[in-house]
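Chemist: attaching a predicted model along with its sequence, questions to come.
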2 protein chains.
Amino acid sequence: MVSRFKFDDWTHLYATRTSSLKSSEVRDLLSVGTRPDIISFAGGLPSTKNFPMQKFINVTMALQYGPSEGHEGLRKQIQKIVKEEGVKADSENILVTSGSQQALDMLGKIFIDPGDPIVVEAPSYVGALNAFASYQTNFISIPLEEDGIRIDELSHRLSELKKQSKLPKFIYLVPTFHNPAGITMSEEKRKKISLLAKEYETIIIEDNPYSQLRFEGKAIPPIRSFDDSVIYLGTFSKIFSPGLRLGWAIAPPSVHEKLIFAKQAADLCTSSFTQRVVEKFFEDDSWKNHLEDLIECYRKRRDVMLRALEEFFPEGTKWTIPEGGLFLWVELPDYINTTQMLAEAVREEKIAYVPGRAFFADGKGTNCMRLNFSYPEEDKIYEGIKRLSKVVKKQIGLYKSFNI
Amino acid sequence: MVSRFKFDDWTHLYATRTSSLKSSEVRDLLSVGTRPDIISFAGGLPSTKNFPMQKFINVTMALQYGPSEGHEGLRKQIQKIVKEEGVKADSENILVTSGSQQALDMLGKIFIDPGDPIVVEAPSYVGALNAFASYQTNFISIPLEEDGIRIDELSHRLSELKKQSKLPKFIYLVPTFHNPAGITMSEEKRKKISLLAKEYETIIIEDNPYSQLRFEGKAIPPIRSFDDSVIYLGTFSKIFSPGLRLGWAIAPPSVHEKLIFAKQAADLCTSSFTQRVVEKFFEDDSWKNHLEDLIECYRKRRDVMLRALEEFFPEGTKWTIPEGGLFLWVELPDYINTTQMLAEAVREEKIAYVPGRAFFADGKGTNCMRLNFSYPEEDKIYEGIKRLSKVVKKQIGLYKSFNI
């Protein structure tokens, strides 16, 4: 645990339940128990001598409980990775999480009292909406446009909320290669939103799982690169593997401390075993070759999808052109309901997508859909978009035949 | 997800926030996306082709997102393990969790509204107390005696609570090789508490991480073995390795479904990678040899600790004699404060233990301590108890010199 004094700018933002999150005596004592000169009857550690290592892996520490904040070695690797994204962080302010999803859940837990407002983009990442909804938040949805969140609208809503003394607990953003929208927030807007957060005494959660997956264009620095008060989330899911469930949260020290207490209550610590595996994988630079292969592969798949959309999709439909990431966003004529259309797409053409409504806290997006291009192979993408276009054309034809 | 109709006996027990936990469209659609005939643009899956497997492990599925409830193969292994404990469970009612701690956190989330009472043993497992406290519960602490919780006291408190229309959301128990107390609840009490839970329309959470670690005596069947409405928790931490963070929750179908939604919001799914590793380890019966080695090792260590306590600890002190598990519980004269004494034990004699107060929600236990015997080696245990006895004797002497 970080022991130096932390001035806490966020005491007005924490949920009531957060006051019950505190360091446990077991935890404080485990730190003594790791000193080799101490005979510790304190922890609940199994014997390490008996681990069936020969059958398994020769890393004893990987099989024992680890510190709640994550292994030091892995946090140093994360420090290097985010540095390439333009973010400077002390390894002691990095918390290893069981995927970014866990960070979202814990942030909901420490900030949201029932009924508290939070700001989200519309559309927003469905996993974040689910996590925050589970703490009974009041979503303030701000629409997206091509270069990111509508700053005018955000500014207007914040000033309204201020009049009601109901300022949002935080602003949740996916600025780069947005999930589901596929767009990227401009540098100008990033600067403006950082100023708005300060003006309205709230905190920004910047979720950045995709920025390393850039196919083209110039990288735009994360908000966290020029604003230390931002809570910055990242993950190994996209640059290495989602099945390992490893992510990170970089937060101001006072928030970091609360996250550690929440982490202890949530699962004590993230798997030591997977932490060691990933630490090993990232210890030299060969992961960058892997990343280059991924980028090349996804770029080609995006290109095929864009080409197929151009070729097959009818007039009155439009889509975003992502410069990276995994998703693009399609808007159909507003009389089409993509949730209803999905049943037909699966049954008739054996195509699946996510209906737009899932990504809106305010019930909008019924005529939209999210398409993933990272997983299906190129020929499947081409064939799939062709088949999906048939379903779309049929829906449009059906509507028109009823509305002549 | 289990799709058959579930009659829900527990609707009066769920927290208000639980109504916001529901299945996501992404989740429902991912189940379609795994059909080989479907071209899926739905999920957010990275490409599996590009995983750097040759450097790593040749199991593609281990690197991809998995189902929220856990991999089918591992759930079948868990089914076999709990069967040996006397518990029959369908693999579809088993949820894989990131350690038991996650199950405790999620159960707090789905049951506890701020101020809701829950019943815990006094003392109780500190990780459970922390998890439940983080949802602002009102702890009802029922003292332990040699053969488990004080049933008379429990029955009395339940009838009092009923008069106030404030029945507890659940009763949390560690019946076998209790942490921290080291005792085991008698079969008679297990039956009585099951009846009490029914009478007072509440649910039992039976946390059973240690029962496979029995050194002597006859196994007592878990409450879940004769009462299907019990939520039964287990873990690989004690029989295999805590560093992997793998546990399970077996719950009635309606509670199981809510746990799956909470799991999705918490971390999407537990690491596929560690699930596969453990599944492989448990696929033949050789883990039982490992378990026998562990039991033998811990039994010897317990014996050394008991012998040393007999030899060195002064009159007026007493301790439990656990038939299994990792811990025993020491009670010192009631004028000794073990939290204050710890500083001296560490500084003067380089000994660590956990002060008793950590395990009580009601501030009691100040003269008690939990001693772990699974981790230190035999000679360290002997030497450690000898040194600890010096600190205890000094405290007693100090008190007596002031109170002649």
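Modeler: Done, it's in.

Chemist: tell me the contacts of the one residue in the stretch 301-404 of chain A that gets nearest to chain B?
Modeler: Residue nearest to chain B within the stretch 301-404 of chain A: A:Gly384 (3.7 Å; CB to the nearest CB). (Each C-beta comes from the backbone N, C-alpha and C, glycine too.) Taking CB atoms under 8 Å, 6 or more residues apart in numbering or on different chains, we find A:Gly384 in contact with A:308, A:351, A:376, B:39, B:41.

Chemist: partner residues bridging the fourth one?
Modeler: Each beta-bridge partner of B:Ile39 is listed here: A:Ile351, as defined by DSSP bridges.

Chemist: which one of the contacts of A:Gly384 has the most neighbours?
Modeler: B:Phe41 (28 neighbours; other CB atoms under 10 Å in any protein chain shown).

Chemist: tell me the contacts of it?
Modeler: By CB under 8 Å, 6+ apart, the contact set of B:Phe41 is A:351-354, A:370-373, A:376, A:384, A:388.

Chemist: nearest to A:Gly365 among the contacts of A:Gly384?
Modeler: B:Phe41 (15.9 Å; CB to CB).

Chemist: ramachandran coordinates for that closest one?
Modeler: With angles defined as degrees, to the nearest 10, B:Phe41 sits at phi -100, psi 20.

Chemist: quick one: secondary structure of A:Val96?
Modeler: What DSSP: H, G, I helix; E, B strand; the rest coil gives for A:Val96 is strand.

Chemist: residues contacting it?
Modeler: Listed by CB under 8 Å, 6+ apart, the contact set of A:Val96 reads A:69-71, A:74-75, A:78, A:246-248, A:270, A:275.

Chemist: hang on, A:Gly86 packs against A:Pro221?
Modeler: Yes: with contact defined as CB atoms under 8 Å, A:Gly86 reaches A:Pro221; the gap is 4.4 Å.

Chemist: anything in contact with each of those two?
Modeler: With CB under 8 Å, 6+ apart as the test, A:Gly86 and A:Pro221 reach no residue in common.

Chemist: report the buried residues of stretch A:179-189.
Modeler: Residues of stretch A:179-189 classed as buried: A:179-185, A:187, A:189 (neighbour count, 16 or more other CB atoms under 10 Å in any protein chain shown).

Chemist: now do the helices in chain A.
Modeler: Per DSSP state H, chain A carries helices over the ranges A:25-33, A:72-84, A:100-111, A:126-133, A:151-163, A:187-199, A:253-267, A:272-281, A:287-312, A:338-349, A:378-402.

Chemist: which of these is buried the deepest?
Modeler: When the helices of chain A are scored by mean count of other CB atoms under 10 Å in any protein chain shown, the highest mean neighbour count falls to helix A:100-111 (a mean of 27).

Chemist: give the other helices and strands that that one contacts.
Modeler: Packed against helix A:100-111 by the contact rule (3 or more CB pairs under 8 Å, 6 or more residues apart in numbering or on different chains; DSSP states H and E) you find strand A:94-97, helix A:126-133, strand A:203-207, strand A:231-235, strand A:247-250, helix A:253-267, helix B:253-267.

Chemist: partners of the fourth one in the sheet?
Modeler: Looking at strand A:231-235 with DSSP bridges, its paired strands and their directions are strand A:203-207 (parallel), strand A:247-250 (antiparallel).

Chemist: possible to save those as a markdown table with distance to A:Ala343 and mean pLDDT?
Modeler: As requested, those are arranged in a markdown table below (distance: least, CB to CB, whole Å; pLDDT from 0 to 100):
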| stretch | distance to A:Ala343 | mean pLDDT |
| --- | --- | --- |
| strand A:203-207 | 31 | 97 |
| strand A:247-250 | 34 | 97 |
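
Chemist: make CSV from the ones you listed and add mean neighbour count and distance to A:Gly365 to it.
Modeler: Output for the strands paired with strand A:231-235, formatted as CSV (neighbours: other CB atoms under 10 Å in any protein chain shown; distance: least, CB to CB, whole Å):
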stretch, mean neighbour count, distance to A:Gly365
strand A:203-207, 25, 19
strand A:247-250, 26, 26
